[in-house]
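Asker: Requesting a structural model of the entry that follows:
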Amino acid sequence: MFFRSFFDESLAQMSYLVGCQQTGEAIVIDPARSIEPYLGMARKKGLKIIAAAETHIHADFVSGSREIAQHCDATLYVSDEGDEQWKYNQLEDIDYVLLKDGSTFMIGQIEFTVMHTAGHTPESISFVLTDKGGGSSQPMGIFTGDFVFVGDIGRPDLLEKAVGVIGSAELGASQMFQSLQKFKQLPDYLQVWPGHGAGSACGKALGAVPMSTIGYEKLNNWALREEDQENFIKTLLTGQSTPPNYFAMMKKLNKMGPPLVSEGKTNRIRTVKELEGHDANAVLVDTRRAAEFAKGHLEGTINIPFNQSFTNWAGELIDYDSEIILIAEESKLNAIKESLSSIGLDGIVGFIEPFDVLADDKQLESYGEVDVKQVQEYLLDDQYHLVDVRNESEWTEGRIEGAEHMPLNLLTKQLDDLPKGKTYLVHCKSGARSAIASSLLQAHGYKDVMNVKGGYLAWLKETNKQAPVIK
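Answerer: Numbers count the residues shown, from 1 in each chain. Predicted structure coming up:
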């Protein structure tokens, strides 16, 4: 048997290519939208991808399952569990198999047995793998998707918080408890192959180790040690972060079937003047580092630096109906497009090189930085207004007195609450999110902006005390 895992760092997403070396047939479990890594590995190993399988309708990335089904003339294996509201739609144009608890299917001499593991979502399933071609009658491992992670389990509140299905969080938590009782009956030696690693918003505290065993998780995973259902539900639902704004769109796309990826060339815009010919409502996204952006940028541009957080913040801040114009180096363009495509942001209509923007310096804006010592002085002056763009849990743990709380993912919806005509001092935990927020404020007409260098951590270090805490 051939086994290879793939990890998307920007989404902390795991997918798997499994092949039967006797027959040369392979399957991809929970594929990302960009399928070339799987195709390339299959070619290298002499395998033909004949199937793709999903553990559930994903909320945090666009699935590549239908892409594989179309490109490889492959069969798609998906869940038929859960209620009618969350079943897969529009499968008619591909070969598909609907799976129930106890269903089995073969890829060459590798057997996959389906377990219904509701909790994260009603339709969630896991796949128990047995390598019969390797001479074993006993299972080797289980693909758990977003059911069980290393050190944690999937959150059951996404349908309620991201999609608005009232009451589904507590029901999901109860289902999760029952699913875990089945999971604990499996052999301790089984390997656990999860759908996400550390950094994913699909759980509270995922481990960074890529795989585990059932026995190890029974010893170390809080959710498998908790025997009281009421305590389990309370613990699971407490402290879950606000899901990213784009999760609702991902659910919709993956349920209905995302469009196939377009490989068209992106139009290059060579001068700032050429931008005037594009839709005035197009979103200008500058992907340079925050320090470079701060020194000079086009009016109306938002800054989302192309780093590990790029995909998440693009999904949070860019409207899915908008045309997108990128300010990016051509050498990075394909990687940026792939990141946006991974969450369904396909509306890229052009790009302009940073040096072409900077060549027209008469139209550039900038913003400054301020250190925490200066912030302490400025807060004595009514002209300055402190804006905290951290998330709710960070704000609850402690804040700078006098700050107005406007989480970055909600900032544009709360702009009317900002007092007009002030100098806005913007801070987050370390200075990265506040740089994005500073660009958003300027793009929406709040021009007098300063980013607080080092953020809340620098404030605590400078003042050598905890800021007031909300109880």
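
Asker: just the strands in the stretch 201-350 of the chain please.
Answerer: Using DSSP state E, counting those that start in this stretch, the strands of the stretch 201-350 of the chain run over residues 212-213, 283-286, 297-298, 302-303, 324-327, 348-352.

Asker: Return the set of buried residues in stretch 312-320.
Answerer: Counting neighbours by 16 or more other Cβ atoms under 10 Å, one finds that the buried residues in stretch 312-320 are Asn312, Trp313, Ala314, Gly315, Glu316, Leu317, Ile318. The way it works is simple: take the backbone N, C-alpha and C, and place the C-beta from them, glycine included.

Asker: closest one to Cys202 among the strands of the stretch 201-350 of the chain?
Answerer: Evaluated over the strands of the stretch 201-350 of the chain, closeness to Cys202 peaks at strand 212-213, with 16.3 Å, by Cβ to Cβ.

Asker: Identify all contacting residues around that closest one.
Answerer: Strand 212-213 is contacted by residues Val150, Gly151, Asp188, Tyr189, Leu190, Gln191, Val192, Pro194 when judged by Cβ atoms under 8 Å, 6 or more residues apart in numbering.

Asker: returning to what we had before: including pLDDT and distance to Thr463, could the buried residues of stretch 312-320 go into JSON lines?
Answerer: Output for those, formatted as JSON lines (pLDDT from 0 to 100; distance: Cβ to Cβ, whole Å):
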{"residue": "Asn312", "pLDDT": "96", "distance to Thr463": "30"}
{"residue": "Trp313", "pLDDT": "98", "distance to Thr463": "29"}
{"residue": "Ala314", "pLDDT": "98", "distance to Thr463": "34"}
{"residue": "Gly315", "pLDDT": "97", "distance to Thr463": "35"}
{"residue": "Glu316", "pLDDT": "96", "distance to Thr463": "30"}
{"residue": "Leu317", "pLDDT": "97", "distance to Thr463": "31"}
{"residue": "Ile318", "pLDDT": "97", "distance to Thr463": "36"}
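
Asker: Among those, which one lies nearest to Ala282?
Answerer: Distances from those to Ala282 were compared by Cβ to Cβ; the smallest belongs to Ile318, at 10.7 Å.

Asker: these two touch, right, the closest one and Leu345?
Answerer: Yes - Ile318 lies in contact with Leu345 (Cβ atoms under 8 Å); the separation is 5.9 Å.

Asker: and for those two, which residues touch both?
Answerer: Ile324.

Asker: what about this protein, any weak spots by pLDDT?
Answerer: Low-confidence regions of the chain, defined here as pLDDT under 70, cover residues 465-471.

Asker: Can you spell out the domain ranges of it, please?
Answerer: Each domain of the chain is listed here as a residue range: 2-256, 273-365, 368-463, per automatic domain parsing.

Asker: Same list (those domains) but as CSV, adding distance to Glu263.
Answerer: Output for the domains of the chain, formatted as CSV (distance: least, Cβ to Cβ, whole Å):
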stretch, distance to Glu263
domain 2-256, 10
domain 273-365, 10
domain 368-463, 30
